[in-house]
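Enquirer: have a look; sequence and predicted model below, questions after that.
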Amino acid sequence: MGARYRGFYPHRALKEQETTVGVPDFFLERVDTGSCDILDLKLPDAPLVVRQGTSHPGFGSEVGKALDQVLDYCEYFEDKANTAWFEAEYGLRVHKPHSAVLIGSGEGVPGEDLVRHR
């Protein structure tokens, strides 16, 4: 976890009106603020960078889906009612969270393509 986080909490459901709208893989509690960031894990075999013929390399579709997912999680916490419910339900504070996705291995991707998309 390193010095940045003091706790991690797996699979806390995000709900709106008793309906689950998402389940991030981990909430990471920050040392400096006590607020949580979001980490989502994806499969190591997801293609990170793809090339269509001779065109420029771009992110694979799984990367785009994963980014959309964590952005949805962050947007959930823009609603004060959701934030209040989550804190009351789990005892965790989430305020303007940072989010990250751990996906793919980079194996088989040329180094210059990885550096370009870092």
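Expert: In hand now; what should we look at? Predicted model, so just to flag it, every value in this text is computed and none were measured.
Enquirer: tell me if I'm right that residue 45 and residue 103 touch.
Expert: No: with contact defined as Cβ atoms under 8 Å, residue 45 does not reach residue 103; the gap is 9.7 Å. The way it works is simple: take the backbone N, C-alpha and C, and place the C-beta from them, glycine included.
Enquirer: for those two, indicate the residue with more neighbours.
Expert: Shown here are residue 45 and residue 103; by other Cβ atoms under 10 Å, residue 103 has more neighbours (22 against 10).
Enquirer: and the more buried one, how far from residue 43?
Expert: Computed as Cβ to Cβ, to the nearest Å, the residue 103 to residue 43 distance reads 7 Å.
Enquirer: would you map the helices across the chain?
Expert: 61-76, 80-90, 111-116 (DSSP state H).
Enquirer: which of the ones you listed sits most buried?
Expert: For the helices of the chain, the largest average neighbour count (mean count of other Cβ atoms under 10 Å) is found in helix 61-76, namely a mean of 15.
Enquirer: which residues are in contact with it?
Expert: Applying Cβ atoms under 8 Å, 6 or more residues apart in numbering, the contact partners of helix 61-76 are 14, 16, 21-22, 24, 38, 40, 42-43, 46-48, 50, 82, 96-97, 99-101, 103-104.
Enquirer: mean confidence score for it?
Expert: Regarding helix 61-76, the rounded mean pLDDT is 89.
Enquirer: then stretch 31-48?
Expert: 86.
Enquirer: now swap in stretch 104-113 and tell me
Expert: Averaging the model's pLDDT scores along stretch 104-113 yields 56.
Enquirer: same question for stretch 4-13.
Expert: Stretch 4-13 comes out at a mean pLDDT of 96.
Enquirer: tell me the buried residues in that stretch?
Expert: For stretch 4-13, burial by neighbour count (16 or more other Cβ atoms under 10 Å) applies to 5, 12.
Enquirer: what distance separates that stretch from the centre of its chain?
Expert: Between the centre of stretch 4-13 and the centre of its chain there are 12 Å (Cα atoms, centre = their mean, to the nearest Å).
Enquirer: which residues are contacting it?
Expert: Stretch 4-13 has contacts (Cβ under 8 Å, 6+ apart) with 1, 20, 22-32, 36-37, 39, 86, 89-90, 92.
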